[in-house]
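**Student:** sequence first, then the predicted structure, then my questions.
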Amino acid sequence: MITLGIETSCDETALALIETRGDYSTGDFGCRVIQSLILSQAELHSAYGGVFPMLAKREHGKNITPLLEKILHSTTSKGELADEQFNNILGSLRSEMQPKDPDLFGAIEDAYFLKDIPTIDQIAVTEGPGLEPTLWVGINFARILGALWNIPIIPVNHMEGHIVASLLSSDVAGGDWQKLKDLPLPAVALLISGGHTELVKVTSIGTYEVIGATRDDAVGEVYDKAARLLGLPYPGGPHISKLAHEAMQEGIIPIVKLPRPMIDSDNLDFSFSGLKTAVLYAVRNELKKTGTEQLSDASKKGIALEFERAVIETLEKKLRGAIESTGAQSVIIGGGVSANRMLRERFKTMGKEYDIPVYLPSSHTSGDNALMIALAAVIGKNEAPRMLKAHGTKKLA
Ligand code: KG4
Ligand code: ZN
């Protein structure tokens, strides 16, 4: 079965094609990555210091159709729509979609390549959580393709995508058939992205319980805000991580001490907004002390290192709590922040200590991508095809 994945929940326009066979729940399952394309808008949003939803919506609308044309080069055709059919189907959706999404609909109307019906059996699309205006672009795009090619659309929870992403053994496009990694159950998933920080008990793929979450900012969000305070571009995570790494290599010892918020609370929740405020005060103090208007490279690096330690120590303490309270036999880390180098090292070491596997996504699948969305539609929570609607705050369980 061939699944087309569509992801537009934030500032990545992503499409993927996977082929799967067998049944995941019986263990007899294989998967092949045909192609996975990601178009990041990060540079565009950099000027705003964060994602600007209406700009993101317009970009998805303009870019997703050309991206589809590109990915369809990896499929074969199974037929062709007559001009009249093509026009009738688009005509039936025009009055609803064109006023709401002129960029998307405009691009589709000129996309005659869509008349070629590709060998795709179903479409998987992110329904939420995410930014509603951008989610709608993916959903409407899926609805248009579903109507043109007469195939079902499976709604997918973006967070479930981040869970299954770590199960892929390889993300190489055009790669061989692969088995997914064995997941001893129950598992604990730590999902850390720009919008979410959650600890999830995974009883099976498709059965989830959120056992801890942030009470305010998400961890990626606080990385981005701290980066801004340090004068680094958006998205800030990779920049802070790079400075922290340089600080370690250069033997810089941070002079500031930042809080590890809620580290000793007897629950699995997080709170990161205090950490952001602490970075603000650390920066102000440093500027006052030096009587300058800009931080020196060394003090930026010192703050970045201390910040990274505060975040990782807090995440690790809660993750340990989750492993111990659920009796987890394996751990999954997902979401953009899981690209973080120091965090990956720490969690791998922790896994060895508990003697359980810790699965981390590849660099391609740690941030937002459509490969994880296509895979989640096939092996994840069974969401029957139905009327789709963007759910900004869609829950996992
Ligand atoms: O999952 P994701 O791509 O998008 C959301 O669904 O939010 O996560 C994006 C977040 C951003 O906040 C970004 O700064 C952070 O992931 N991030 C990192 C690193 N790479 C990306 N944070 C820390 N270290 C990194 N290396
Ligand atoms: Zn994400």
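**Tutor:** Looks like it came in fine. Numbering: from 1, shown residues only. Ligands and ions are numbered 1, 2, ... in the order given.
**Student:** ok now do the residue of the stretch 151-300 of the chain found nearest ligand 2, which residues does it touch?
**Tutor:** Minimum separation of the stretch 151-300 of the chain from ligand 2 (CB to the ion) falls at residue 193, amounting to 4.1 Å. Using the backbone N, CA and C atoms, a C-beta is placed for each residue, glycine as well. Contact analysis of residue 193 by CB atoms under 8 Å, 6 or more residues apart in numbering lists 162, 218-220, 334-337, 368.
**Student:** what do you get if the cut-off is 6 Å, keeping everything else the same?
**Tutor:** Residues near residue 193 by CB atoms under 6 Å, 6 or more residues apart in numbering: 220, 335-336.
**Student:** what's the answer for residue 11, then?
**Tutor:** Counted by CB under 6 Å, 6+ apart, residue 11 has contacts 41, 45, 51, 56.
**Student:** okay, now residue 386: neighbour count?
**Tutor:** Summarising burial for residue 386: neighbours were counted as other CB atoms under 10 Å, giving 10.
**Student:** against residue 139, how distant is it?
**Tutor:** 12 Å (CB to CB, to the nearest Å).
**Student:** residue 34 too?
**Tutor:** From residue 34 to residue 139 the distance is 22 Å (CB to CB).
**Student:** of these two, who's got more company?
**Tutor:** Ranked by neighbour count (other CB under 10 Å), residue 34 and residue 139 place residue 139 first, with 24 against 20.
**Student:** part of a helix, is that one?
**Tutor:** Yes - membership of residue 139 in a helix is supported by DSSP: H, G, I helix; E, B strand; the rest coil.
**Student:** against ligand 2, how distant is it?
**Tutor:** 17 Å (CB to the ion, to the nearest Å).
**Student:** now residue 31: phi and psi?
**Tutor:** Backbone geometry at residue 31, expressed as degrees, to the nearest 10, gives phi -140, psi 150.
**Student:** report pLDDT for the residue nearest to residue 173 when sequence neighbours are not counted.
**Tutor:** Spatially, and ignoring its direct neighbours in sequence, residue 173 is nearest to residue 35 (4.7 Å; CB to CB, 6 or more residues apart in numbering). If you check residue 35, the pLDDT there is 98.
**Student:** the host helix or strand of residue 35 near ligand 2 anywhere?
**Tutor:** Assigned by DSSP states H and E, residue 35 belongs to strand 28-40. No - using CB under 5 Å from the ion, strand 28-40 stays clear of ligand 2, with a minimum separation of 11.7 Å.
**Student:** stretch 229-247 now?
**Tutor:** No - applying CB under 5 Å from the ion, one finds stretch 229-247 separated from ligand 2 by no less than 11.6 Å.
**Student:** gap between the two ends of that stretch?
**Tutor:** 18 Å (CA to CA, to the nearest Å).
**Student:** that stretch - what's its average pLDDT?
**Tutor:** 95.
**Student:** lowest-confidence helix or strand of this structure?
**Tutor:** helix 42-46 (a mean of 87; mean pLDDT, DSSP states H and E).
**Student:** any buried residues in that one, and which?
**Tutor:** Within helix 42-46, the residues that count as buried by 16 or more other CB atoms under 10 Å are residue 45.
**Student:** same check on stretch 262-279?
**Tutor:** For stretch 262-279, by 16+ other CB under 10 Å, it's 262, 268-272, 274-276, 278-279.
**Student:** same question, stretch 134-149
**Tutor:** Result for stretch 134-149 [16+ other CB under 10 Å]: buried residues 134-146, 148-149.
**Student:** still on that earlier bit, out of the contacts of residue 193, which sit inside strands?
**Tutor:** Judged by DSSP state E, the subset of those located in strands is empty.
**Student:** and of those residues, the nearest to residue 304?
**Tutor:** Checking the contacts of residue 193 against residue 304 with CB to CB, the nearest one is residue 220 at 15.3 Å.
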